[in-house]
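Colleague: Curious how this folds, go ahead:
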Amino acid sequence: MEGDNMNFPSTEHLPQTPLLVVDRAALERNLARMQALCDAAGVRLRAHGKTHKCSTLGRLIIERGAVGLCCQTVGEAEAYVAGGIQDVLVTAPSPPWGAARLAALAKTGARIGAVADDEGQIDRLSDAAVAAGVTLDLVVDLDLGTHRAGAYPKDALRLARAADAAPGLRFAGLQAYLGHLQHMDDLDLRKSADEAAFATLKALVVELTEAGLPPAVVTGGGTGTHTYDLASGVYTELQAGSYAVMDVEYDACGAPGGQAWGFEPAMAIAATVVSANHKSHVTVDAGFKAVSMDGPPARVVAGAAPGSLWRAMGDEHGMIAHLSLIDVLKAGGRDPLGFDKAVAEADADPARAWPADAPKVGDVVWLQPGHCDPTINLYDALHVWDGETLERWAVDGRRVSNL
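Modeller: Next up is the predicted model:
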């Protein structure tokens, strides 16, 4: 998965930096590839909107064949329905204030699903649905190892019965998202752990069916396990999201089964060199506020010498370190005074040449995000490049206050 295969606009097409740019052709190939895999497996694609938080992209995914979107928050669901998406599942239990807002979305005519992992959540969703005169789909959320939310499998039948009996709710099925497996480096363990979860899910489907509550939907899975999820025979929906744009973290952990990824990088950050006074590195206008830091560092994919590295240098700035002088930065370590000394000594050393292939002030350097989801959340728009024009797609699902 090589980021430098992306199609980047030239500098004159960029209105400013840092800018989050999507290669439309690569995006379309990723969407087509995942939809084809789902179609071949007979599994509906319910792409996860928490990745991109963009209703324009969400509509495109549905136009290409997805049944709808899922999302993580009430606010994302509101943005997607406002953006014209009519089938949305919220995949995390809502806080108490969220029930009435989900019911209000259903009042617009959209099909709205919610998950629950305890009876109190079911009761609140039921009360809100009855008050609004609507029906919400209720999916029992299972915890198969992530331990973030979800009920243990032993409680699934009890919760399914509660949902089925609750006015205003339609028991829709089960959710099992195995987030803890998505980036597991040990590919054999990733596969065996996923298959163990499938066995548990299959047993639950049998148990609920025998109790007269066959789950119409079994939803979950992700980009890091999609091959196994689609072959499992238990999922009816796949909730993958990152496949659309990909990132360094998925590249680093490897595709399921050890084969090459069928999805390619489709998104990068454009950053401009604003200072070039040191041999070891130049400074760009992309720091902590432009690049999410919860995963691996962003990868330099174009605009700098091969092997160059990006590292944050504060809120608004980052360095592009030249490979030939990485030893200088390593010598400085994490100590600010050590860094100062190492860089100053290298600058003053006549035996150390200025790298001829380092970017200059005004040059644009392209960075592939380490983790796509939270990086997108730092921007108000995706700028989508089709080879001729740069189109702005609002990231309208970002968190906003609603008073």
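
Colleague: what is the rounded mean pLDDT of stretch 72-81?
Modeller: For stretch 72-81, mean pLDDT rounds to 98.

Colleague: mind saving the C-alpha coords of it as PDB?
Modeller: Extracted C-alpha coordinates of stretch 72-81, given in PDB (Å, rounded to 0.1, in the frame of the first residue of the first chain):
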ATOM      1  CA  GLN A  72     -21.400   6.200  16.600                       C
ATOM      2  CA  THR A  73     -23.300   9.200  17.900                       C
ATOM      3  CA  VAL A  74     -26.700  10.800  17.900                       C
ATOM      4  CA  GLY A  75     -25.100  13.900  16.300                       C
ATOM      5  CA  GLU A  76     -23.700  11.900  13.500                       C
ATOM      6  CA  ALA A  77     -27.200  10.300  12.900                       C
ATOM      7  CA  GLU A  78     -28.800  13.800  12.900                       C
ATOM      8  CA  ALA A  79     -26.200  15.000  10.300                       C
ATOM      9  CA  TYR A  80     -26.800  12.000   8.100                       C
ATOM     10  CA  VAL A  81     -30.500  12.200   8.100                       C
END
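
Colleague: Now the phi/psi pair for residue 256, please.
Modeller: When read as degrees, to the nearest 10, the backbone of residue 256 gives phi -60, psi 140.

Colleague: for residue 120, that is, sorry about that
Modeller: Main-chain torsions, residue 120, degrees, to the nearest 10: phi -60, psi -40.

Colleague: Need the pLDDT of it.
Modeller: So, for residue 120, pLDDT stands at 98.

Colleague: now the one 3 residues further on
Modeller: Per-residue confidence (pLDDT) for residue 123: 98.

Colleague: ok, it - how many residues close by?
Modeller: Using other CB atoms under 10 Å, residue 123 has 15 neighbouring residues. (Glycine included, C-beta is placed from N, CA and C.)

Colleague: Give me the spatial nearest neighbour of it, chain neighbours excluded.
Modeller: residue 166 (7.1 Å; CB to CB, 6 or more residues apart in numbering).

Colleague: which residues touch the one you found?
Modeller: 122-123, 125-126, 138 (CB atoms under 8 Å, 6 or more residues apart in numbering).

Colleague: Return the distance of it relative to residue 131.
Modeller: According to CB to CB, to the nearest Å, residue 166 and residue 131 sit 13 Å apart.

Colleague: Ok, residue 327 next?
Modeller: 66 Å.

Colleague: Sketch out the strands for the stretch 301-403 of the chain, chain order is fine.
Modeller: 309-312, 318-321, 364-368, 381-385, 390-394 (DSSP state E, counting those that start in this stretch).

Colleague: er, the stretch 101-250 of the chain I mean
Modeller: So, for the stretch 101-250 of the chain - with DSSP E, counting those that start in this stretch - the strands run 111-116, 136-141, 169-176, 217-220, 237-238.

Colleague: Which one of these lies nearest to residue 12?
Modeller: Closest to residue 12 of these, according to CB to CB: strand 237-238, at 40.1 Å.

Colleague: Now do residue 186 against residue 200, distance only.
Modeller: 20 Å.

Colleague: more neighbours, the two?
Modeller: For residue 186 and residue 200, the more surrounded residue by other CB under 10 Å is residue 200, and the numbers stand at 16 against 11.

Colleague: who's in contact with that one?
Modeller: Here residue 200 is in contact with 144, 153 (CB under 8 Å, 6+ apart).

Colleague: my read: residue 160 touches residue 210, true?
Modeller: No. Assessed by CB atoms under 8 Å, residue 160 is found out of contact with residue 210, at 11.9 Å.

Colleague: circling back to that earlier point, okay, the strands of the stretch 101-250 of the chain in CSV with mean neighbour count next?
Modeller: Listed next are these as CSV, based on neighbours: other CB atoms under 10 Å:
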stretch, mean neighbour count
strand 111-116, 26
strand 136-141, 26
strand 169-176, 24
strand 217-220, 24
strand 237-238, 27
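
Colleague: out of those, which comes closest to residue 21?
Modeller: strand 237-238 (27.0 Å).

Colleague: Note down every partner strand of that closest one and its orientation.
Modeller: strand 44-48 (parallel), strand 217-220 (parallel) (DSSP bridges).

Colleague: Which of those strands sits closest to residue 342?
Modeller: Nearest to residue 342, of the strands paired with strand 237-238 and by CB to CB, is strand 44-48 at 43.3 Å.

Colleague: give the contact list for the residue nearest to residue 261 when sequence neighbours are not counted.
Modeller: Spatial nearest neighbour of residue 261, excluding adjacent residues (CB to CB, 6+ apart): residue 255 at 4.5 Å. Going by CB under 8 Å, 6+ apart, residue 255 touches 227, 261-262.

Colleague: And for residue 281?
Modeller: Residue 281 neighbours (CB under 8 Å, 6+ apart): 319-322, 325, 329, 343.
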